[in-house]
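J.: Sequence first, then the predicted structure:
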Amino acid sequence: MKKTDARKLRWDQLTDLRRRGVEAVQNGESPAVVAKIFGVGLSTVFGWLARYRNGGWDSLQARRRGGRKQKMDAAKLKWVYDTVTMKDPRQLLFPFALWTSRMVGEMIYRQFGIRLSKASVCRLLNQLGLSPQKPLWRAFQKDPVRIQKWVDEEYPMIKAEAKKIGAEIYFGDEAGVRSDHHSGTTWAVRGKTPAVQTTGARFSLNIISAVSPQGLMRFMTVKGSITADVFVEFLKRLLCNASRSVFLIVDGHPTHRSKAVSKFVATMEGKLQLFFLPGYSPELNPDEQVWNDLKNNSLGRKVIVGPDKMRSEVVSHLKSLQKRPARIRSFFQTPDTLYAAA
């Protein structure tokens with residue numbers, strides 16, 4: 001395509017060209033494509049973006065001259081755009097594989113010695129046509145009538161019985177964490193979901209935990225699968241030094257309903273009772289928030305280099321969580337778990 005000679009354009013034509021170019025980038029078009037469509041150099045497009053960042057739309061007026069010196073000029077903006085869209089943060093020795101605004105700010109400081117606030121970094125990235133993107137995961141198979149019955153009738157009966165005999169209520173769950181899990185968002189071109197490159201040497205760890213409305217938590221890490229015998233071992237630990245009976249609410253997984261588990265519960269002669277949540281309704285279980293907290297606030301933002309490192313990180317985070325009963329009680333304050341709050 002023939003290049004546009006800006007020197008031959010009237011000032012109003014040049015102003016319009018600049019405005020349309022900046023708008024196109026902010027709407028998600030790549031600067032390279034904009035440069036090709038408008039018939040200008042790529043550096044020219046980043047120059048327009050630098051003008052806009054420095055002074056807004058008025059700064060794109062072709063007759064406008066002077067103004068304060070730009071912190072982030074065209075070359076710097078191009079470097080930021082290329083780095084965020086083409087590189088993995090780990091290539092720059094960051095521990096987290098997804099671009100966050102704070103990480104981009106730190107990257108800019110390392111490269112140019114320019115310290116920008118988080119808000120300023122977000123504006124810069126938006127002006128470059130980038131946006132934070134995050135995948136959503138939802139359970140979809142559920143029985144609304146069964147769930148409502150649990151919330152309105154079944155759980156209140158369990159709670160009343162626990163109060164009557166002085167039992168402690170816990171919600172329990174199992175989860176597996178993997179070395180290639182990443183949480184949060186990473187800045188990328190609008191409309192183009194980024195891919196995170198991972199090693200093929202994956203490893204995982206299984207965990208069982210239980211939380212109470214009063215803010216107590218117990219957990220156990222597991223090497224291998226969680227079998228009925230493993231679950232029984234967790235139940236024994238949950239009952240260890242318990243001064244009151246325990247009511248444990250779990251999902252209907254076959255392991256929880258196995259003969260081995262039922263036999264063990266029977267031997268407790270009422271000191272332990274199991275209750276089961278409605279099917280396909282993990283949102284009703286406050287213990288699910290433990291896994292969200294672990295994956296999103298710890299493991300999902302780190303590079304795990306081996307099984308021992310993973311277990312160490314998991315145990316460290318969960319022990320820290322045990323010391324924060326207010327945080328655990330907050331797991332009972334979501335719209336779906338508020339029914340179980342103390």
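T.: Thanks, I have the structure now. Being a predicted model, the structure only gives us computed values, none of them experimental.
J.: show me where pLDDT drops low in the stretch 51-200 of the chain?
T.: 63-70, 95-97, 134-141, 178-187, 191, 193-200 (pLDDT under 70).
J.: how does it look with 80?
T.: Low-confidence segments of the stretch 51-200 of the chain, defined by pLDDT under 80: 54-55, 57-71, 88-98, 132-142, 178-200.
J.: What ranges does this protein have for its helices?
T.: Listed in chain order, the helices found in the chain under DSSP state H are 11-26, 31-38, 42-55, 74-86, 101-112, 118-127, 144-149, 155-165, 228-239, 259-267, 288-297, 307-322, 325-330.
J.: Mean neighbour count and distance to residue 172 for those - can I get that in a markdown table?
T.: No exception for glycine: its C-beta is placed from N, CA and C like everyone else's. Formatted as a markdown table, those follow (neighbours: other CB atoms under 10 Å; distance: least, CB to CB, whole Å):
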| stretch | mean neighbour count | distance to residue 172 |
| --- | --- | --- |
| helix 11-26 | 17 | 48 |
| helix 31-38 | 17 | 52 |
| helix 42-55 | 20 | 51 |
| helix 74-86 | 18 | 41 |
| helix 101-112 | 17 | 35 |
| helix 118-127 | 17 | 38 |
| helix 144-149 | 12 | 19 |
| helix 155-165 | 13 | 14 |
| helix 228-239 | 17 | 8 |
| helix 259-267 | 13 | 12 |
| helix 288-297 | 19 | 10 |
| helix 307-322 | 15 | 14 |
| helix 325-330 | 16 | 13 |
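J.: Which of those helices sits closest to residue 215?
T.: Each of the helices of the chain has some distance to residue 215 by CB to CB; the shortest is helix 325-330, at 2.8 Å.
J.: What helices and strands are in contact with that closest one?
T.: Of the remaining helices and strands, those touching helix 325-330 by 3 or more CB pairs under 8 Å, 6 or more residues apart in numbering; DSSP states H and E are helix 288-297, helix 307-322.
J.: Can you flag the weakest of the ones you listed by average pLDDT?
T.: For these, mean pLDDT drops lowest on helix 288-297, to a mean of 86.
J.: Serialize the helices and strands packed on helix 325-330 to JSON lines and add fields for distance to residue 168.
T.: Formatted as JSON lines, these follow (distance: least, CB to CB, whole Å):
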{"stretch": "helix 288-297", "distance to residue 168": "17"}
{"stretch": "helix 307-322", "distance to residue 168": "15"}
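J.: on that earlier part again, so which of the helices of the chain is nearest residue 192?
T.: Short answer: helix 74-86, nearest of these by CB to CB, at 8.6 Å.
J.: Report the inter-axis angle for the closest one versus helix 31-38.
T.: In terms of direction (axes from the mean of the first three to the mean of the last three CA atoms, to 10 degrees), helix 74-86 departs from helix 31-38 by 120 degrees.
J.: which other residues reach helix 74-86?
T.: 30-31, 42-44, 46-47, 49-50, 53, 72, 92, 99, 104, 107-108, 111-112, 114, 124-125, 128, 130, 187-189 (CB atoms under 8 Å, 6 or more residues apart in numbering).
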